[in-house]
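Novice: Pasting a predicted model and its sequence here:
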Amino acid sequence: MIDFLLPSLGADMDRAKLNLWLVGPGDPVHKGQIIAEVETEKAVLEVECWDEGVIEELLVQPGPEWLPVGTLIARIRSVEPAQTPGPVETPTAPAQKPLPARPPAGRPEPAPPIRHLAHELGVDLSTLQGTGEGGTITRSDVRAATAPADKPTAIPISGELRIKASPRARFLANRLGLDLGQVPASGPGGMVTAADVESQPIPAVEPEDKVGAMRRAIARSMAHSKREIPHYYLATHIDLDEALRWLDVQNAERSVAERILPAALLLKATALGLREIPDLNGHWIDDSFRPSSSIHLGVAVSIREGGLVAPAIHDADQLDLGEMMARLRDLVNRARSWRLRSSEMSDPTMTVTNLGDRGVETAFPVIIPPQVAMVGLGKVVDTVVAVEGSPVVHPVIHATLSADHRVTDGHRGGLFLATIDRLLQEPQSL
Amino acid sequence: MTPEQARRVIFEVLADIAPEVDESTVDDDHDLTEQLDLDSMDYLNWMVGINEETGVDIPQRDVSEFLTIAGAVAYLVTHSPEPARVSAEAAGPARGLAALEGRAG
């Protein structure tokens, strides 16, 4: 029998509320399957299972109580894995994910925002015929699938009820502290619309302050960082002329959905730089540095309502640029809809913040404990640079490194930034 | 596609990305990313959504046309396939657009 404990949920995240179970007693589970949804002060997280077996019993019911990390929440009866040679792991049961089932093979995979919309509206993607290019499922297909009905509908997910609502209705209900289940629905298929929410009286009780809770969690983590970690800071300019020219050529041949943003290129160069300078990749725990053999690159994602999260792109150094872009897009979209996975929050080995996207020229990041370094990327600015003795205008980025002086010195940090620079001068090798 | 249809798609996709945006407060001629605090990922998602909804391709060289709502509407009107002769309005807005997508796909 395997005890399934509430897993670690990231730095300074030591408790969570169980929102819902996605499995029940008797259900088979496999490695990587998402079996529950929990809520921390920073995000709603999908909890993955890392064992093979069958759910024996669920020991905690969904509810508003805070559960400490490490709480025994379920028991799993282990099943001997099949003796199949080779490294490929085959799930023994169909994946049960909160996101809707994927459509049958042979059709293009719907983009993450479409899958998210389908999830919000309770539409099963596997039942839809796409009307987009090459059979792609579009927003209209998803919305059209919420067939007319004369009463509000909720979609059962393993015994829980999920209310159909448009993203804006969800946003407004959350801001106003309204229970979507109590809002009469007038949309297609019994969907709660933004107008339905706006027509409701504002409740007298104070709504749960999700953003405020996230602010407090960030406060704890950043205060801890500035109190404990002796930061040193380095900065350098990196000429992106070669990299962005190359990217333009790549993107000219790609459809808009497959387009690669410069951020993906910068993340890949950072991940490869960590391979060469591994003493920036890992954690400071119990007065010693524990290097990580994997490169799980954290990406700081700002949330529209305020605050930020920094989930990981796993094994970032091993992804090609197309994969990196797809993973980045999926991660950002899920972070902004408060749907991250527990492992993404708990195991970044170094983090990048790309504040250049918001117009900032230089960022000096605060390291997220227990990590030991963080990279800041500024805005790409057209700058006069000297090339073979002559002034020319090139796109230039200001890259910074904040690093933990207990682990590395400025010399190693400088080598790391120089490595990123070198890699970006050969974009075709990324 | 009519300007009204284009505008409807543009704001429908935008509502999924920035749900707090109130259409009536958006300036059609002002830089959208600046006005609505969209980052490059939001901006890309918006164009991908518009492409998926309308079937109109947005090649890299034309991305700058989408810096404003007015630019995006004009681009979609110019580049979308001819509206379906079967009255799109009669079939309702969503079906009308779906019909356009079918033709584009």
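Specialist: Happy to help now that I have it.

Novice: For residue A:383, which three-state class applies?
Specialist: Of the three states, residue A:383 takes strand according to DSSP: H, G, I helix; E, B strand; the rest coil.

Novice: anything in the helix or strand encompassing residue B:74 near chain A?
Specialist: In the assignment (DSSP states H and E), residue B:74 maps to helix B:69-79. No. Counting by CB under 8 Å from any CB of the partner chain, chain A has no neighbours in helix B:69-79; the shortest distance is 12.3 Å. Every residue, glycine included, has its C-beta placed from N, CA and C.

Novice: and that helix, what does it pack onto?
Specialist: Where contact means 3 or more CB pairs under 8 Å, 6 or more residues apart in numbering or on different chains; DSSP states H and E, helix B:69-79 is packed against helix B:3-17, helix B:40-54.

Novice: List the buried residues in that helix.
Specialist: B:69-73, B:75-77, B:79 (16 or more other CB atoms under 10 Å in any protein chain shown).

Novice: now stretch A:1-17
Specialist: A:2, A:4, A:6-7, A:9-17.

Novice: How about stretch A:246-253?
Specialist: A:246-247, A:250-251.

Novice: How about exporting that stretch as PDB, limited to the C-alpha atoms?
Specialist: Provided in PDB are the C-alpha atoms of stretch A:246-253 (Å, rounded to 0.1, in the frame of the first residue of the first chain):
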ATOM      1  CA  TRP A 246      17.300  34.100 -37.900                       C
ATOM      2  CA  LEU A 247      14.000  33.900 -36.000                       C
ATOM      3  CA  ASP A 248      12.300  36.100 -38.600                       C
ATOM      4  CA  VAL A 249      13.300  33.700 -41.300                       C
ATOM      5  CA  GLN A 250      12.000  30.700 -39.300                       C
ATOM      6  CA  ASN A 251       8.700  32.500 -38.500                       C
ATOM      7  CA  ALA A 252       8.100  33.500 -42.100                       C
ATOM      8  CA  GLU A 253       7.500  29.900 -42.800                       C
END
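
Novice: Give me the contacts around that stretch.
Specialist: Contacts to stretch A:246-253, defined as CB atoms under 8 Å, 6 or more residues apart in numbering or on different chains, come from residues A:259-260, A:262, A:265, A:321, A:427-428, B:59-61.

Novice: Can I have the buried ones of those residues as a ChimeraX selection?
Specialist: Buried residues within the contacts of stretch A:246-253, by 16+ other CB under 10 Å, are selected in ChimeraX with:
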select /A:259,260,262,265,321,427 /B:60
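
Novice: Take the contacts of stretch A:246-253 and write them to TSV, including distance to residue A:372 and pLDDT.
Specialist: As requested, these are exported to TSV (distance: CB to CB, whole Å; pLDDT from 0 to 100):
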residue	distance to residue A:372	pLDDT
A:259	33	94
A:260	29	95
A:262	26	94
A:265	24	96
A:321	27	95
A:427	28	96
A:428	31	94
B:59	43	90
B:60	38	86
B:61	43	87
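
Novice: Between the contacts of stretch A:246-253, which sits nearest residue A:57?
Specialist: residue A:321 (45.2 Å; CB to CB).

Novice: Verify the contact between that closest one and residue A:260 for me.
Specialist: Yes. Using CB atoms under 8 Å, residue A:321 is in contact with residue A:260, at 5.5 Å.

Novice: in the stretch 51-200 of chain A, which spans are helices?
Specialist: Along the stretch 51-200 of chain A, the stretches classed as helices by DSSP state H, counting those that start in this stretch are A:112-121, A:139-144, A:167-176, A:194-198.

Novice: Out of the ones you listed, which gets the lowest mean score?
Specialist: Of all the helices of the stretch 51-200 of chain A, the minimum mean pLDDT falls on helix A:112-121 (a mean of 65).

Novice: What distance do you get for residue B:49 to chain A?
Specialist: Residue B:49 sits at a distance of 6 Å from chain A (criterion: CB to the nearest CB, to the nearest Å).

Novice: Which residue is the nearest non-sequential neighbour of that residue?
Specialist: Closest residue in space to residue B:49, ignoring its immediate chain neighbours: residue B:13 at 3.5 Å, by CB to CB, 6 or more residues apart in numbering or on different chains.

Novice: and that neighbour, how many neighbours?
Specialist: Using other CB atoms under 10 Å in any protein chain shown, residue B:13 has 21 other residues around it.

Novice: Kindly report the same for residue A:261.
Specialist: Every residue meeting other CB under 10 Å relative to residue A:261 is counted, giving 21.

Novice: can you check residue B:37 too?
Specialist: Quick note: residue B:37 (other CB under 10 Å) scores 13 neighbours.

Novice: before we move on, back to that, which ones among the contacts of stretch A:246-253 map onto helices?
Specialist: A:262, A:265, A:321 (DSSP state H).

Novice: Chain B next: which of these are close?
Specialist: Okay, of the ones in helices among the contacts of stretch A:246-253 touching chain B (CB under 8 Å from any CB), that's residue A:262.

Novice: Would you tell me which one of the ones in helices among the contacts of stretch A:246-253 comes nearest to residue A:137?
Specialist: Among the ones in helices among the contacts of stretch A:246-253, and counting by CB to CB, the member closest to residue A:137 is residue A:321, at 25.4 Å.

Novice: Next one: the closest one relative to chain B, how far apart?
Specialist: For residue A:321 relative to chain B (CB to the nearest CB), the value is 15 Å.

Novice: Contacts only, for that residue.
Specialist: Counted by CB under 8 Å, 6+ apart, residue A:321 has contacts A:250, A:260, A:264-265, A:268, A:430.

Novice: ok so, going back, pick the most deeply packed of the helices and strands packed on helix B:69-79.
Specialist: helix B:40-54 (a mean of 22; mean count of other CB atoms under 10 Å in any protein chain shown).

Novice: neighbours around residue A:331, how many?
Specialist: Residue A:331 has 23 nearby residues by other CB under 10 Å.

Novice: Contacts only, for it.
Specialist: Contacts of residue A:331 (CB under 8 Å, 6+ apart): A:299, A:301, A:311, A:313, A:340, A:344.

Novice: In chain A, where's the longest strand?
Specialist: strand A:390-404 (DSSP state E).

Novice: Quick one: mean pLDDT over that one.
Specialist: Across strand A:390-404, the per-residue pLDDT values average to 97.

Novice: Can you give the contact residues for the helix or strand following it?
Specialist: Next helix or strand after strand A:390-404 toward the C-terminus (DSSP H and E): helix A:410-424. With CB under 8 Å, 6+ apart as the contact definition, helix A:410-424 has outside contacts at A:232, A:234-236, A:238-240, A:242-243, A:265-266, A:269-270, A:272-274, A:276-277, A:279-280, A:373, A:375, A:399, A:401, A:403, A:429-430.

Novice: again, 7 Å this time
Specialist: A:232, A:234, A:236, A:238, A:240, A:243, A:269-270, A:272-273, A:276-277, A:279-280, A:399, A:401, A:403, A:430 (CB atoms under 7 Å, 6 or more residues apart in numbering or on different chains).

Novice: next one: stretch A:271-289
Specialist: By CB under 7 Å, 6+ apart, stretch A:271-289 touches A:290-292, A:295, A:297, A:316-317, A:349-350, A:370-373, A:403-404, A:406-408, A:412, A:415-416, A:419-420, A:423.
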